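*Asks:* model the structure of this input:
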Amino acid sequence: MQFELQHTDTHSNARAGKITTDHGIIETPIFMPVGTVAAVKAVHMREVKEDIQAQIILGNTYHLYLRPGLEILEQAGGLHKFNGWDRPILTDSGGFQVFSLSGTRKLKEEGVTFRSHIDGSKHLFTPENVVDTQRTIGADIMMAFDECTPGTADYNYAKQSMERTHRWLERGLKHFDETEGKYGYSQTFFPIVQGCVYPDLRRQSAEFVKAQNREGYAIGGLAVGEPTEKMYEMIEVVNEILPTDKPRYLMGVGTPANILEGIARGVDMFDCVMPTRNGRNGMLFTRNGIMNMKNKKWANDFSPIDPESDCFVDQQYTKAYLRHLFVADELLAMQIASVHNLAFYLWLVKEARCQIIAGTFATWKEVMVKRVSTRL
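*Replies:* The predicted structure is shown next:
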């Protein structure tokens, strides 16, 4: 994987760049639709590629490991061939999912023992076998196995957790460097910065992962219960240390405003389930604010869902029609809303990139943060 930094905003730390992988080019800043179980929920891959215009999607190691399982994925030739997506794929390590199973997992130095949420079967994730799992899945960009510390953790726990994550990183990197991919293309491995909400721990972690000299870096353990302003502070602390010539991936974040603020602080890559999850529940993100499509105010609004959008669903369907589908519990409502929200998120980062290149990002961002946060 290669990264080219193309432009930096003169009034913020926002950046425009280009990531080159064996499955294609990714122009940053970028948002990655989440394809947890080998599918972006309620959306066809054709729509993800052509209508949403995604350049990269995310797969979830924990879920894919459990179902369909590694044997099926290897027989298929990897996730790209299994789900028909021929562009880049990033996989998380499964760390967040494993550590969210607080009642059914046991943490030790070797790794984490946990029970499947599907059938209760017992499994072990280690820094080494998580590398092997992501090799089999076939991701272009793989994540290190880390402990995702809650945003409310006390200092001592956060420090112990970070240090364990660093030890696991050394083991994972060693195993990654000693193994090869299975499907004839290159894979890369991102370390993850941890440290909770404590600036000195974040600095220590950022320095540690920077010293590993990898092709890119992830910032984890944010948007997990801490105040939003504290999240922004931690991004600033970390990005002061991470190298400018490598991409930075903020994991699991977030709202349109979060993404714009992250871009302003030097983040290049984002993912979040919010566009599809909120869409399935009737919440639409637009250039002018947030719409709850179940509200009666849309019942006789026959204007397009988003008149300014060039996504086909935004022009083909009206607000009144989409509201009707939600009220009637029609499955098509979830598909339309998911396509719309993802297309909006991809438009947002693409427009941010254009503004960075034009030198107008900072003033545009201030206006857009207020607009996209407004309830309509």
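*Asks:* using CSV, list the CA coordinates for the helix or strand of the chain with the lowest mean pLDDT.
*Replies:* Least confident helix or strand of the chain, by mean pLDDT, DSSP states H and E, is helix 95-100 with a mean of 74. Output in CSV follows, covering the C-alpha atoms of helix 95-100 (Å, rounded to 0.1, in the frame of the first residue of the first chain):
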residue,chain,number,x,y,z
GLY,A,95,-11.3,-6.3,19.3
PHE,A,96,-14.2,-4.0,19.8
GLN,A,97,-16.8,-6.7,19.4
VAL,A,98,-14.9,-9.1,21.7
PHE,A,99,-14.5,-6.5,24.4
SER,A,100,-18.2,-5.5,24.2
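*Asks:* can you give me the buried ones in it?
*Replies:* By 16 or more other CB atoms under 10 Å, the buried positions in helix 95-100 come out as 95-99. Every C-beta, even on glycine, is put in place using the N, C-alpha and C of the backbone.
*Asks:* start to end distance for stretch 267-286?
*Replies:* Terminal residues of stretch 267-286 are spaced 22 Å apart (CA to CA, to the nearest Å).
*Asks:* now render the buried residues of helix 95-100 as TSV, adding distance to Ala362.
*Replies:* TSV is the format used below for the buried residues of helix 95-100 (distance: CB to CB, whole Å):
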residue	distance to Ala362
Gly95	34
Phe96	32
Gln97	36
Val98	39
Phe99	36
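*Asks:* and which of these is nearest Gln53?
*Replies:* Set against Gln53, the nearest of those by CB to CB is Phe96 (26.8 Å).
*Asks:* from Ala343, how far off is the spatially closest residue to that closest one that is not a sequence neighbour?
*Replies:* Using CB to CB, 6 or more residues apart in numbering and skipping residues adjacent in sequence, the residue nearest Phe96 is Cys148, 4.6 Å away. Using CB to CB, to the nearest Å, Cys148 is found at 29 Å from Ala343.
*Asks:* what do you get for Gly111?
*Replies:* Separation of Gly111 from Ala343 (CB to CB) stands at 39 Å.
*Asks:* in terms of neighbours, single out the busier of the two.
*Replies:* Using other CB atoms under 10 Å, the more surrounded residue of Gly111 and Ala343 is Ala343, with 25 against 20.
*Asks:* can you give me the buried ones in the strand or helix carrying the more buried one?
*Replies:* In the assignment (DSSP states H and E), Ala343 maps to helix 331-358. For helix 331-358, a neighbour-count test (16+ other CB under 10 Å) marks 333-350, 352-353, 355-356 as buried.
*Asks:* ok, now which ones touch Ala158?
*Replies:* Ala158 is in contact with 149, 194-198, 201, counting by CB atoms under 8 Å, 6 or more residues apart in numbering.
*Asks:* out of the residues you listed, which are inside helices?
*Replies:* Residues of these located in helices (DSSP state H): Leu201.
*Asks:* follow-up on the earlier one: residues contacting the residue nearest to Phe96?
*Replies:* By CB under 8 Å, 6+ apart, the contact list for Cys148 reads 95-96, 99-100, 194, 220-221, 224.
*Asks:* of the residues you listed, which pair is most distant in space?
*Replies:* Pairwise distances among these were taken by CB to CB; the largest, 15.4 Å, belongs to Ser100 and Gln194.
*Asks:* beta partners of the most centrally placed residue in the chain?
*Replies:* Nearest to the mean C-alpha position of the chain, by CA atoms, centre = their mean, lies Asp271 at 1.8 Å. Note on Asp271: beta-bridge partners Met32, Val253, judged by DSSP bridges.
*Asks:* wait, isn't it in contact with Gly35?
*Replies:* No - look at Asp271 against Gly35 with CB atoms under 8 Å: they stay out of range, at 9.9 Å.
*Asks:* quickly list what's touching both of those two.
*Replies:* Leu58.
*Asks:* distance from the chain centre to the stretch of helix or strand Leu325 belongs to, please.
*Replies:* Using DSSP H and E, Leu325 falls within helix 319-327. Remark: helix 319-327 is offset 29 Å from the chain centroid, using CA atoms, centre = their mean, to the nearest Å.
*Asks:* check stretch 85-103 too.
*Replies:* Put simply, stretch 85-103 sits 10 Å off its chain's centre (CA atoms, centre = their mean).
*Asks:* what of stretch 190-206?
*Replies:* Distance, stretch centre to chain centre, for stretch 190-206: 18 Å (CA atoms, centre = their mean).
*Asks:* tell me how far the ends of that stretch are from each other?
*Replies:* 12 Å.
*Asks:* what about stretch 302-310, how long is it end to end?
*Replies:* For stretch 302-310, the first-to-last residue distance is 17 Å (CA to CA).
*Asks:* buried set for that stretch?
*Replies:* Neighbour count says stretch 302-310 has 305-306, 309 buried, by 16+ other CB under 10 Å.
*Asks:* likewise stretch 48-65?
*Replies:* 48-49, 51-52, 54-65.
*Asks:* fine, thanks again, bye for now.
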